[in-house]
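**Student:** Attaching a predicted model along with its sequence, questions to come.
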Amino acid sequence: MADALQNRRILLIISGGIAAYKSLELIRRLRDHGASVRAVLTEAGSKFVTPLTLATLTGDKVYTDLFDLTDTAAIGHIELSRDADLVVVAPASADILAKMSAGLGGDLATTLLLATDKPVLVAPAMNVRMWTHRATQRNVEQLMADGIHFVGPNDGDMACGEFGPGRMAEPAEILAAITQHFSENEFSGAKPLAGVHVLVTSGPTHEPIDPVRYLANRSSGKQGHAIATALARMGANVTLVSGPTNLTAPAGVTLKRVETARDMLAACQAALPAQVVICAAAVADWRVDVDATQKIKKEAGAATPSLTLVENPDILATISKLKTNRPDLVIGFAAETEKVIEHAIAKRLRKGCDWIVANDVSPETGVMGGDLNTVHLISADGQEDWPLLPKQAVAERLARSVLTYIQNKKSKA
Ligand code: C5P
């Protein structure tokens, strides 16, 4: 098979970070695979690697932030990005992610990122506290919504002596991400999940008490919507059945808005058949047995009303146990605060689904209400432990796992 990197033109932006030394190895590996690399070095990046080293390794001129008429005159920065098949930012510091997210263009690297119409892959590298900071996570979320692709960061020992997520992905992993994107053409529009119908549930449900009151939960719908977005970007035909959220409808997705668990089940049944079903909604376990047609009044002297609850249908279990037209792959979620794996394994069997994405929501993880998630993917084959990741990154990784499942199934057929 031809090397997917052969003759590809990579524009590599190196921002400030100790991980910059790993980008030197990345350049060598890219060139070994037949790609050409042009390097742009930010001022902070030049504190870690020199233009001379980069020029030697790329075999090309190195573009720096220094004002240089021959580089940046007229539309020089636009030409630089037009000339590339892919822009890679490695290492991507918290600072450059923030500038990209805000659309700032104060130097050559950021101007170029603002002017490019080419796909952009970033490999973040920073201290764990900087990575988990609310501001960085907000920026990451924005960049993902803008279509920027991420590889890493990884968990591990850091140069600053701390441990946690923030370590730049290894050169081999960045190379693999670049190769995968070129071979699947994911960046340039080919759709590896084209023709696959995926049904995703998301958000909370609202269970009415009377015409103005309801029972609900705190689900934001962020994880489910991110999953629908990631799958749609890979070309899947996605039906998203969502309870009430503040989120905008993801692009390229058929959205069915519902209120109650019963509505959600009916909308899911109407959307079937689907090859893959992912139940990420936080469905209310109970509803009020009678839903009053008039507002319940607070009458002076009257007894405080009491609510009798009845169980809601279990959508995940209903779909998992379908006798006809059962989807090939049914995935449920489990939020657990203790014995995460043990409870998730039991839930997978009880509900009859194929995979369970177990969220560790114990208070020390900070997952509850946040944008980061630590998950374990449980299947009949065992478990995968994923590092602490933004919910969008969890979504992309899950979408890739779904793709691998479908490809393996096809190759066995
Ligand atoms: O039983 P528990 O609510 O913990 O199970 C969580 C999983 O089951 C999630 O995937 C959720 O979407 C799904 N679920 C469902 N219908 C329900 C309750 C949960 O689809 N009534």
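**Tutor:** Now that the structure is in, tell me what you want to look at. Numbers count the residues shown, from 1 in each chain.
**Student:** which bits of the stretch 201-350 of the chain sit near the ligand?
**Tutor:** Proximity of the stretch 201-350 of the chain to the ligand, by Cβ under 6 Å from any ligand atom, involves residues 201, 261, 279-281, 283, 285, 312, 314-316, 332-334. Heads up, the C-betas are built off the backbone N, CA and C, glycines and all.
**Student:** Quick check: of these, which lies closest to T58?
**Tutor:** Nearest to T58 among these, counting by Cβ to Cβ, is A280 at 43.3 Å.
**Student:** Test my guess that the closest one contacts L199.
**Tutor:** No. If you go by Cβ atoms under 8 Å, A280 and L199 don't touch, sitting 10.9 Å apart.
**Student:** So which of the residues of the stretch 201-350 of the chain next to the ligand is surrounded by the most neighbours?
**Tutor:** Greatest neighbour count in those, by other Cβ atoms under 10 Å, goes to T201: 33 neighbours.
**Student:** would you turn the residues of the stretch 201-350 of the chain next to the ligand into TSV with distance to R213 and pLDDT?
**Tutor:** Shown next, in TSV, are those (distance: Cβ to Cβ, whole Å; pLDDT from 0 to 100):
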residue	distance to R213	pLDDT
T201	24	98
A261	17	98
C279	26	98
A280	26	97
A281	21	97
V283	19	97
D285	18	96
N312	17	98
D314	24	98
I315	24	98
L316	27	98
G332	29	98
F333	27	97
A334	29	95
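**Student:** Contacts only, for T116.
**Tutor:** Going by Cβ atoms under 8 Å, 6 or more residues apart in numbering, T116 touches S81, R82, A84, V87.
**Student:** and the two most separated of these?
**Tutor:** Put simply, by Cβ to Cβ the two of the contacts of T116 set farthest apart are R82 and V87, 10.7 Å from each other.
**Student:** one step back: for the residues of the stretch 201-350 of the chain next to the ligand, could you give me JSON lines that also reports secondary structure?
**Tutor:** Shown next, in JSON lines, are those (DSSP: H, G, I helix; E, B strand; the rest coil):
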{"residue": "T201", "secondary structure": "strand"}
{"residue": "A261", "secondary structure": "helix"}
{"residue": "C279", "secondary structure": "strand"}
{"residue": "A280", "secondary structure": "coil"}
{"residue": "A281", "secondary structure": "coil"}
{"residue": "V283", "secondary structure": "coil"}
{"residue": "D285", "secondary structure": "coil"}
{"residue": "N312", "secondary structure": "coil"}
{"residue": "D314", "secondary structure": "coil"}
{"residue": "I315", "secondary structure": "helix"}
{"residue": "L316", "secondary structure": "helix"}
{"residue": "G332", "secondary structure": "strand"}
{"residue": "F333", "secondary structure": "strand"}
{"residue": "A334", "secondary structure": "strand"}
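**Student:** Can you list the low-confidence ranges for the stretch 251-400 of the chain?
**Tutor:** Within the stretch 251-400 of the chain, the segments meeting pLDDT under 70 span 363, 365-370.
**Student:** One more: the stretch 101-250 of the chain?
**Tutor:** Counting by pLDDT under 70, the stretch 101-250 of the chain has low-confidence residues at 158, 183-190.
**Student:** Who does the residue of it found nearest the ligand form a beta bridge with?
**Tutor:** Among all residues of the stretch 101-250 of the chain, T201 sits closest to the ligand, at 5.7 Å; criterion: Cβ to the nearest ligand atom. Under DSSP bridges, the beta-bridge partners of T201 are V241, C279.
**Student:** ok, now how distant is it from K256?
**Tutor:** Per Cβ to Cβ, to the nearest Å, T201 is found 10 Å from K256.
**Student:** With G243 instead?
**Tutor:** Going from G243 to K256 by Cβ to Cβ gives 10 Å.
**Student:** What distance do you get for the residue of the stretch 101-250 of the chain closest to the ligand to V277?
**Tutor:** 8 Å.
**Student:** Give me the common contacts of these two.
**Tutor:** Common neighbours of T201 and V277 (Cβ under 8 Å, 6+ apart) are C268.
**Student:** that's a strand at R287, yeah?
**Tutor:** Yes. Counting by three-state DSSP, R287 is located in a strand.
**Student:** isn't it right next to I209, touching?
**Tutor:** No. Counting by Cβ under 8 Å, R287 does not reach I209; the two are 9.2 Å apart.
**Student:** So for the two, which residue has more residues nearby?
**Tutor:** A count of neighbours by other Cβ under 10 Å puts R287 above the other of R287 and I209, at 23 against 18.
**Student:** How about the contacts made by the more buried one?
**Tutor:** Counting by Cβ under 8 Å, 6+ apart, R287 has contacts E207, P208, L215, T260, A261, R262, L309, V310, N312.
**Student:** residues touching the first one, list them.
**Tutor:** Translated: E207. Counting by Cβ under 8 Å, 6+ apart, E207 makes contact with Y214, L215, A216, T260, A261, A284, W286, R287, V288, N312.
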